[in-house]
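**Q** I need the structure of the sequence given here:
(one chain, ligands or ions: 1)
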Amino acid sequence: MKFSPTAVKQAVGDGLLSFPITDFDSAGRFDAESYRRRLEWFISHEISAVFVAGGTGEFFNLSLEEFREVVATAVEVVDGKLPVIASAGLSVESGKAFARAAEEAGADGILLMPPYLTECPQDGLVEYARQICDSTSLAVIYYNRANGVLNAESAHKLAMLCPNLVGLKDGKGDMQLLNTIVKRVGERLTYVGGVPTAEIFAEAYLAIGVNTYSSAVFNFVPEMAVTFYKELRKGNQEAVKRITNDFFIPFVALRDNKPGYAVSLIKAGAAIIGRPAGAARAPLEMPAAEECRQLEKLVSVVKQRSYA
Ligand SMILES: O=C([O-])C(=O)C[C@H](O)[C@@H](O)C(=O)[O-]
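**A** As a prediction, the model looks like this:
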């Protein structure tokens, strides 16, 4: 089944969003077989969409050809059970090329990444996103992060210009800005919490009507990630507090040891649970042995506790 932009909007707006890491073999090449197994395992859990080659999936580290293979593999495995969203961006022209490749490979939507490197005026960002949105019939979710952050007026303008823009994913964690966007643009878009380790912001997101978020830790503690999401939505503050104290606060402290650990610690976590995906590519660095031991301890805490 293909998901229309409206169906993508609905699926993405409610339920936990998963962001698989991308598998590389020992020579550093994309490992389609290992990725296939990972996705089969992913979709055996309660999630509402699969965002492939996202930030956690090292979009910024993939060639267009590799990206095409990643998306095609995901589409085949997911087989219409959930929307598959793939990334695009960098420049208008490469954004269009990635969007085209995603569409040809059978994806249902695009996560539109910020432009590469340059500082951006607001009207320029709107134009960048508009041209890429116009080039595809897929649903687009704008990733409001880094040098590509739209203010509320620009988000509203973009939503008016692009019928296939269905969502905005926050990657900044500026609650004043996000709340202003939510209040200005309203239900025209769906909103996703998407800062690195989004769970640490999840309670704040929910309070302003952002019902869902992207989970990178789902890659290695999926049951806990799903439980956290469900308990949060049920309003079980005690369970949310326990998981935050036991896992997310120490995890975020470890993550903050080095830039890029929001991704490479996830790859280390996958190796710890016996689902290795190879090393993250440069410029990312894998955690040191002692950091991996600390992560292992966190994983064993999660295994010992029953959170629901
Ligand atoms: O594009 C990405 O991978 C993300 O930004 C989503 C991540 O899952 C992020 O929210 C996180 O680290 O939890």
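**Q** The ligand contacts on the stretch 101-250 of the chain?
**A** Residues of the stretch 101-250 of the chain lying close to the ligand (Cβ under 6 Å from any ligand atom) are 171, 194, 196, 197, 198, 214, 215, 216. Where you see a C-beta, it was placed from the backbone N, CA and C, and this is true even at glycine.
**Q** quick one: contacts for the first one?
**A** It stands for residue 171. Contacts were defined as Cβ atoms under 8 Å, 6 or more residues apart in numbering; by that measure residue 171 touches 55, 143, 144, 145, 146, 194, 195, 196.
**Q** could you redo the last one with a cut-off of 7 Å?
**A** 143, 144, 145, 146, 194, 195 (Cβ atoms under 7 Å, 6 or more residues apart in numbering).
**Q** Now name the helix or strand holding the first one.
**A** It stands for residue 143. Using DSSP states H and E, residue 143 falls within strand 139-144.
**Q** Check the last one too.
**A** Residue 195 is part of no helix or strand, with elements assigned from DSSP H and E.
**Q** Then residue 89 would be within a helix, right?
**A** No. Secondary structure assignment (DSSP: H, G, I helix; E, B strand; the rest coil) places residue 89 in strand, not in a helix.
**Q** Against the ligand, how distant is it?
**A** Computed with Cβ to the nearest ligand atom, to the nearest Å, the distance linking residue 89 and the ligand is 11 Å.
**Q** quick one: stretch 42-57 to chain centroid distance?
**A** Counting by Cα atoms, centre = their mean, to the nearest Å, stretch 42-57 is centred 8 Å from the centre of its parent chain.
**Q** quick one: is that stretch near the ligand?
**A** Yes. Stretch 42-57 reaches the ligand (Cβ under 6 Å from any ligand atom) through 54, 55, 56.
**Q** Just the buried residues of that stretch, please?
**A** 42-43, 47-57 (16 or more other Cβ atoms under 10 Å).
**Q** circling back to that earlier point, just send the residues of the stretch 101-250 of the chain next to the ligand back as TSV, with secondary structure and pLDDT too.
**A** Below are these laid out as TSV (DSSP: H, G, I helix; E, B strand; the rest coil; pLDDT from 0 to 100):
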residue	secondary structure	pLDDT
171	coil	98
194	coil	97
196	coil	95
197	coil	96
198	helix	97
214	strand	96
215	strand	98
216	coil	98
